[in-house]
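Asks: only geometry, no sequence info:
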Ligand code: GTR
């Protein structure tokens, strides 16, 4: 990989630049986050769901700033029951509240969170209660698949940290007025920070294998998952699913969604300094491969949809290509072969490298088919058996 026109040739050289790369990404795109805060966690519910063979836990992670309680992350944690050993976990933000991820009745409903306008619309169609949204995204998360394959699943509503609306007078933001400046955090950065707070808890949970924490995020939440994982080495693997501009797609190579468009439609996602690059992408002192490179030597599976043109998956493939040599500095395989996979058999026949792009014939969506690819890859890469 090249950094500021110079080829990085040794691992020492690369390692010495990591802090600088993190700083560049936060300063110019996402915005600086606060230091990890003090927190405590309470298990508010723990039930064994015999029929589904799931241990369901609800954990209230209370965050503080000094002595002041700030936000509470309400983590829903689904653990395959009867495991003799700690299990790997997939952690993800959800869009419309924890009860939407599965029809399980025990998932608590909370009325004190801001609901995204699209979730509200869906709720209206279904009779207007939060209860009516239970299981809304069954086919998106396919919890059964995760459980059957021995993976725990942890999720929280993105509104716990910040609602996806054009206002930073809500969520965690009012507690950090000192970050209300050009380079301070906005929503994507705050979500990433929130994911790291869930990791703070997960590494302490005895039923979870702290060396196999996987972050997943779709689209805008994929941008946040990528950022969180890149900055936090406790995360073992990331799936930035269909993450597009500000995620995996190279921003300087004319992605479908330009900086001007994304800044205009979502002025609350990236920091204010990033707005100065609208129409001037070439001036940005980094591109997305700098961020992804921070994942090395950890595995990355980028799942994309061939019909999801808006996410510019051909440009995220370029990101993977640029980052591949950094994996080699660590003595790992980066991309192998073309690095693109479209059939599950390929995981067996031509073993993928540590990073891979999976292309499937879908639009902007998530489903069980993608999960099977992801779990095949995780089985291969996080088994310590290669
Ligand atoms: C789009 C946005 C994308 C992507 C997507 C999503 O409207 O332009 O950057 O994040 O939303 O989150 O589904």
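Replies: Looks like it came in fine. This one's a predicted model, so the numbers in the text were calculated from it and none came from an experiment. Numbering: from 1, shown residues only.

Asks: from residue 84, how far off is the residue in the stretch 1-150 of the chain that the ligand sits nearest to?
Replies: The minimum distance from the stretch 1-150 of the chain to the ligand, using CB to the nearest ligand atom, falls at residue 95 (8.8 Å). Where C-beta positions appear, they are placed from N, C-alpha and C, glycine not excepted. Applying CB to CB, to the nearest Å, the value for residue 95 to residue 84 is 35 Å.

Asks: hmm, back to that, the residue of the stretch 1-150 of the chain closest to the ligand against residue 119, yeah?
Replies: Yes - in this structure, residue 95 is within contact of residue 119 by CB atoms under 8 Å, at 6.4 Å.

Asks: joint contacts of these two?
Replies: Common contacts of residue 95 and residue 119 (CB atoms under 8 Å, 6 or more residues apart in numbering): none found.

Asks: nearest residue to the residue of the stretch 1-150 of the chain closest to the ligand other than its sequence neighbours?
Replies: Using CB to CB, 6 or more residues apart in numbering and skipping the chain neighbours, the partner closest in space to residue 95 is residue 116 (5.9 Å).

Asks: what does this structure put close to the ligand?
Replies: 219, 220, 244, 245, 257, 262, 364 (CB under 6 Å from any ligand atom).

Asks: biggest separation within those residues, which pair?
Replies: 262 and 364 (15.0 Å; CB to CB).

Asks: when the two are compared, which one has more neighbours?
Replies: Between residue 262 and residue 364, residue 262 has the larger neighbour count (other CB atoms under 10 Å), namely 21 against 15.

Asks: center of this protein - which residue?
Replies: Centroid check for the chain by CA atoms, centre = their mean gives residue 225 as the closest residue, at 1.9 Å.

Asks: ok, residue 353 to residue 300 distance?
Replies: Taking CB to CB, one finds residue 353 at 10 Å from residue 300.

Asks: tell me which of the two has more neighbours.
Replies: Neighbour comparison, residue 353 and residue 300: the larger count goes to residue 300, with 27 against 20 (by other CB under 10 Å).

Asks: now do the most far-flung residue of the chain relative to its centre against residue 26, distance only.
Replies: Using CA atoms, centre = their mean, the residue of the chain lying farthest from its centre is residue 127. It sits 31.3 Å away. Note on residue 127: its distance to residue 26, by CB to CB, is 43 Å.

Asks: so the residue nearest to residue 131 when sequence neighbours are not counted, which of the three states?
Replies: Once flanking residues are discounted, residue 131 sits nearest to residue 109: 6.4 Å by CB to CB, 6+ apart. Secondary structure for residue 109, judged by DSSP: H, G, I helix; E, B strand; the rest coil, is coil.

Asks: list the buried residues in stretch 120-133.
Replies: 122, 123, 130, 133 (16 or more other CB atoms under 10 Å).

Asks: just checking, residue 172 touches residue 190?
Replies: Yes - using CB under 8 Å, residue 172 is in contact with residue 190, at 5.7 Å.

Asks: give me the phi and psi for residue 236.
Replies: With angles defined as degrees, to the nearest 10, residue 236 sits at phi -90, psi -30.

Asks: list the contacts for it?
Replies: Counted by CB under 8 Å, 6+ apart, residue 236 has contacts 88, 211, 212, 213, 214, 298, 299, 382.

Asks: among those residues, who's most crowded?
Replies: For the contacts of residue 236, neighbours tallied by other CB under 10 Å; top is residue 214, 29 neighbours.

Asks: quickly list what that residue is bridged to.
Replies: Residue 214 has the following beta-bridge partners by DSSP bridges: residue 90, residue 237.

Asks: and it, what pLDDT?
Replies: Here the pLDDT value assigned to residue 214 is 98.
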